[in-house]
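> Sequence isn't available, so here's the structure alone:
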Ligand code: URA
């Protein structure tokens, strides 16, 4: 018999490129079972909120303090502004599907590191594939850079439609940035109109 029996491979040991989950529930379970340094400082793993079968999926950066406490994305001040922007184009928070690039709050709300983003990205890709929305909305630089694999500023990317996994994808400012720079809200409002128009054009 071999001296050290080979450890049995579990789903979370498999390199992420090989992961291919059969359902959102299986993916959610795998993400909740992950072991990662950020998880140790966070209270909750924040996976998603809203309607998983929605035609609109929204991806932000990472949970903040309120999200970490409640275990749901975009429930703090940024979330309130997001809900208001959605309702301005006739969409309610409960009818969209919301997630983040990183599943745990970075300590002190710092920007997630490149390693933290790289660790989560294969799961995010699976997430988008399984949710298969008709339109994807990216909030802020971390989501835009990670999903569209670009270093272009949002101010240059916004206003046009990109594609991610064949899904029409719209980039806009992060609500936290809009709270600090309210003068940019009018541009963001145009992006939400583009979101709505893109959605209607898919019917
Ligand atoms: N900011 C984000 O990017 N995501 C959240 O869930 C909350 C704030």
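All right, it came through fine. Bear in mind the structure is a predicted one, so any value in this text is a computation, not a measurement.

> which residues of this structure fall in strands?
For the chain, the strands defined by DSSP state E occupy 49-50, 56-60, 97-100, 135-139, 161-164, 167-172.

> Which positions in the protein make contact with the ligand?
Within reach of the ligand by C-beta under 6 Å from any ligand atom, the chain has these residues: 60, 61, 62, 63, 64, 67, 73, 74, 78, 100, 176. The way it works is simple: take the backbone N, C-alpha and C, and place the C-beta from them, glycine included.

> quick one: contacts of stretch 24-43?
By C-beta atoms under 8 Å, 6 or more residues apart in numbering, the residues outside stretch 24-43 that reach it are 11-12, 19, 21, 45, 47-48, 52, 63, 68-69, 71, 102-107, 112, 116, 119, 123, 126-127, 130-131.

> Buried by neighbour count, from those residues: which ones?
Among these, the ones that count as buried by 16 or more other C-beta atoms under 10 Å are 19, 21, 45, 47-48, 52, 63, 68, 102-106, 112, 116, 119, 123, 126-127, 130-131.

> quick one: residue 201 from the ligand, how far?
Applying C-beta to the nearest ligand atom, to the nearest Å, the value for residue 201 to the ligand is 27 Å.

> what residues are up against that residue?
Applying C-beta under 8 Å, 6+ apart to residue 201 gives no contacts.

> What of residue 45?
Taking C-beta under 8 Å, 6+ apart as the criterion, residue 45 is in contact with 31, 32, 34, 39, 71, 103, 104.

> Would you mind listing where the chain has pLDDT under the threshold?
Scanning the chain for pLDDT under 70 picks out 1-17.

> Any idea how many residues pack against residue 66?
Close neighbours of residue 66, defined as other C-beta atoms under 10 Å, add up to 16.

> isn't it right up against residue 76?
Yes. Here residue 66 reaches residue 76: they are 3.3 Å apart, a contact under C-beta atoms under 8 Å.

> which stretch among the strands of the chain comes nearest residue 155?
strand 167-172 (9.7 Å; C-beta to C-beta).

> Mind telling me which residue of this structure is nearest the ligand?
Nearest residue of the chain to the ligand: residue 60, at 3.0 Å (C-beta to the nearest ligand atom).

> so that residue sits right up against residue 137, yeah?
No. Counting by C-beta under 8 Å, residue 60 does not reach residue 137; the two are 9.5 Å apart.

> where along the protein do the helices fall?
24-33, 37-41, 65-70, 77-88, 114-131, 141-148, 154-157, 175-180, 185-201 (DSSP state H).

> So which of those helices is the most surrounded?
Burial of the helices of the chain is given as mean neighbour count (mean count of other C-beta atoms under 10 Å); helix 141-148 ranks first at a mean of 22.

> show me the contacts for the closest residue to residue 131 other than its chain neighbours.
The shortest distance from residue 131 to any non-neighbouring residue, by C-beta to C-beta, 6 or more residues apart in numbering, is to residue 57 (5.2 Å). Contacts for residue 57 (C-beta under 8 Å, 6+ apart) come out as 96, 97, 98, 99, 128, 131, 133, 135, 136, 137.
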